[in-house]
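*Asks:* Need coordinates for the following:
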Amino acid sequence: MTQSGKKRIGFVVGNYHTDHPSRLVHTIWEMLRDVEDVELQVFLGTESASFIKDYTMRSSRFDYQYASLCGYTEYEDMDLLIVSAGTLSIYQNAIPLDEFLRHTPRIPTILTETDRQPEDGISLIADNRQGLDSCVEHLITVHGLTRIGFITGPDNNQDAEERLAGYKDALARHGIPVREEYIVPGDYSEHVDRSVELLLDRAPDIQAIASANDEMTVAVYRVLKARGLKVGKDIAVTGFDDMLMARYMDPPLTTARQDYDEFSRQAVKSALDMLRGGKARSRRIPVPFIRRCSCGCAPAKEEERPEHTDVLRSLQRSREYQHNSWIGALMNREMLMDVDEPKRFFATIGTCLAYLGTPSSYLLLFGHPLKVEPGTIPEFPEKTYVCMRQVGDQVEGRDWLEAPVMRRGDHENDFRPEGRFMTFLLFDEEYQYGVLNVEIEPEKIDFYYMLSLDIGSSLRYMDTWDKQKKYRAQLQAMARTDELTGLYNRAGIVSARESMTAERAQPAAVIMADLDHLKQINDRFGHREGDIALRSVADILRQVLGAGRVIGRIGGDEFQACFVQPSEKALQEKICRVKARCDAYNETSERPYFLEISLGYAIGTVQTREEWEALAGRADEALYEAKKSRRDFVIR
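*Replies:* Okay, here's the model as predicted:
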């Protein structure tokens, strides 16, 4: 429930780019438009594999990511879910419906395209078996056809299974045997050309093709035309759904009509009844037979054609899409310029969305990219971060450290703007980053889908940039760090001390230190013991001279510390403390030698490298004098 008391309905739908789910989204959206006490959020499976699978684009094989959309409903404060089970078919080859539902909140649910009953809710499904049966019955009884092929729907999809059963029912009723070579696999997309070719090659005597949906008849028309065969004359064709373009195909398509208005009306009515304490019941929606010309029938009347206003509206949408695409491309370029500044990066997205006239939007991101394997729905992290929030022209971009947190299943702190949102998954290959939620009309889904792909790729680039930046920093640190002691090495101390006086000449000091008689320790006890002694010296210098100073090991047993704005009295005190710390070490140490350090220092004004080297040379001379008073033998 929103802060204003409105109930919230989530609609999870897959395979949006095909006709059936697209019309469901549009129709349910319109039916809920004027319901003042309800908000709708659509979680869109806008996968691309269905329409680019014939091309060599490896990115499309990562569309399995969209199976995760159900899980995002747990971050949002939903009161009821509508899950379009049949349109998730692209994922159901690997993931059963129960697994999808396991990742949704335990709230009232309406399942569509299945007769599976949820624990708390209902199911709605078209009478698929009867609808397909009526198409094949027409081919047999009206046209006398008996050699009828069939293109199936996806595996593990109830709609598809029932339509195949309807095909077999009609054949059996007329005593026509089911021939396996007449049945070829399909996936509900219009790119099943290979299956149509296979059917025609295996059954050259075929008289008709019944398709499990209208989308696949586009491929049937295309392949038949390429082979010089005429639809409705040489081979009869029927479909299922009555998609928008079915009546405008050449010839117009004979099909079984899914009544989207009735289907959506039942879903919306049931949802509102359940939200308001009433009861709803599961239903099968009738599917009437629609006779046109693709089966061989003569046209009953002049077929409807698009009105002039429809053409103008289509042209206007095309111009708007073109304009928005340019803006989207510029946004992507701007994002790439800000990959090292997450706050600006996210603000760029919000600014672009505001410029496009988006009423409101927000980015919900994980703290770290989530790697998702095929055939799985990931276990989502407890927290997501609202890294961008846009309302009108007001845009807030935040990095993860300061972004508001939305927790899975906890809706006390809801930072989302109020509105009706479309949810787009943000991912790149196997890595998932979160979702983009935008308050838009269904007509704009295609453009924002494209935008979401760009944002997902940019997030991957930003993550890669950040990793490379950290790796480069590690390499630079390694190049400037003494591996044995963890202090600077010679290159590191030269660079660090120069940065202290890069802007102007300053008073500075250098302390040179030397571990006394390292060779004795190495010769008597081995180099491992000598390394222990060197690390002990480094610890003492680090503790006494201070972590904020530039301290390094510049040779085998030589160390250097550099200061700006020094006090000679303070330097002398530090040298005394180093010697006192050595005495304390020797009193408690069980090592077979004394740890002793000789030190010398010099003070001057420096800025350039040469001046620093000259100052270090003077400190080294002072160290040489100090060594004259060291003991001759450090072995206990």
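
*Asks:* show me where the stretch 451-600 of the chain has helices.
*Replies:* Remark: helices assigned in the stretch 451-600 of the chain by DSSP state H, counting those that start in this stretch are 490-500, 518-525, 527-545, 568-588.

*Asks:* Just give me the lowest mean pLDDT stretch among those helices.
*Replies:* Mean pLDDT is lowest for helix 490-500 among the helices of the stretch 451-600 of the chain, at a mean of 89.

*Asks:* picking that back up, now distance to Phe633 too, for the helices of the stretch 451-600 of the chain, in a markdown table please.
*Replies:* Backbone N, C-alpha and C define where each C-beta goes, glycine included. Shown next, in a markdown table, are those (distance: least, C-beta to C-beta, whole Å):
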| stretch | distance to Phe633 |
| --- | --- |
| helix 490-500 | 30 |
| helix 518-525 | 7 |
| helix 527-545 | 15 |
| helix 568-588 | 14 |
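
*Asks:* Now those in a markdown table, please, with extra columns for distance to Tyr16 and mean neighbour count.
*Replies:* Formatted as a markdown table, these follow (distance: least, C-beta to C-beta, whole Å; neighbours: other C-beta atoms under 10 Å):
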| stretch | distance to Tyr16 | mean neighbour count |
| --- | --- | --- |
| helix 490-500 | 55 | 18 |
| helix 518-525 | 72 | 16 |
| helix 527-545 | 60 | 18 |
| helix 568-588 | 70 | 14 |
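
*Asks:* Of these, which is nearest Arg194?
*Replies:* Nearest of the helices of the stretch 451-600 of the chain to Arg194, taken as C-beta to C-beta: helix 490-500 at 62.0 Å.

*Asks:* Does anything pack onto the closest one? Which helices or strands?
*Replies:* strand 506-515, strand 550-553, strand 558-564, helix 609-627 (3 or more C-beta pairs under 8 Å, 6 or more residues apart in numbering; DSSP states H and E).

*Asks:* Disregarding residues adjacent in the polypeptide, which is nearest to Cys293?
*Replies:* Pro251 (3.7 Å; C-beta to C-beta, 6 or more residues apart in numbering).

*Asks:* Please apply the same query to Leu365.
*Replies:* Using C-beta to C-beta, 6+ apart, the closest residue to Leu365 is Gly434 (3.7 Å).

*Asks:* Phi, psi for the one you found please.
*Replies:* phi 140, psi -150 (degrees, to the nearest 10).

*Asks:* Could you report the neighbour count for it?
*Replies:* 24 (other C-beta atoms under 10 Å).

*Asks:* Who are the contact partners of it?
*Replies:* Leu363, Leu364, Leu365, Phe366, Thr384, Leu426 (C-beta atoms under 8 Å, 6 or more residues apart in numbering).

*Asks:* If we use 6 Å, what do you get?
*Replies:* Leu364, Leu365, Phe366, Leu426 (C-beta atoms under 6 Å, 6 or more residues apart in numbering).

*Asks:* Same question for Leu484.
*Replies:* Neighbour list for Leu484: Asp531 [criterion: C-beta under 6 Å, 6+ apart].

*Asks:* measure it to Ala538 for me?
*Replies:* 8 Å (C-beta to C-beta, to the nearest Å).

*Asks:* Ile551 too?
*Replies:* Distance from Ile551 to Ala538, by C-beta to C-beta: 8 Å.

*Asks:* where do the contact lists of the two overlap?
*Replies:* With contacts defined as C-beta under 6 Å, 6+ apart, the residues shared by Ile551 and Ala538 are Leu487.

*Asks:* Burial check on the residue lying closest to Ile285 once chain neighbours are set aside, number of neighbours?
*Replies:* Spatial nearest neighbour of Ile285, chain neighbours left out: Ala126 (4.9 Å); criterion: C-beta to C-beta, 6+ apart. Counted by other C-beta under 10 Å, the residues lying close to Ala126 total 28.

*Asks:* What confidence value was assigned to Ala126?
*Replies:* 94.

*Asks:* now swap in Arg163 and tell me
*Replies:* pLDDT at Arg163 comes out at 97.

*Asks:* tell me the contacts of it?
*Replies:* Applying C-beta under 6 Å, 6+ apart, the residues near Arg163 are Asn128, Leu132, Ala212.

*Asks:* Which one (most neighbours) among those residues?
*Replies:* Neighbour-wise, these (other C-beta under 10 Å) top out at Leu132, 32 neighbours.
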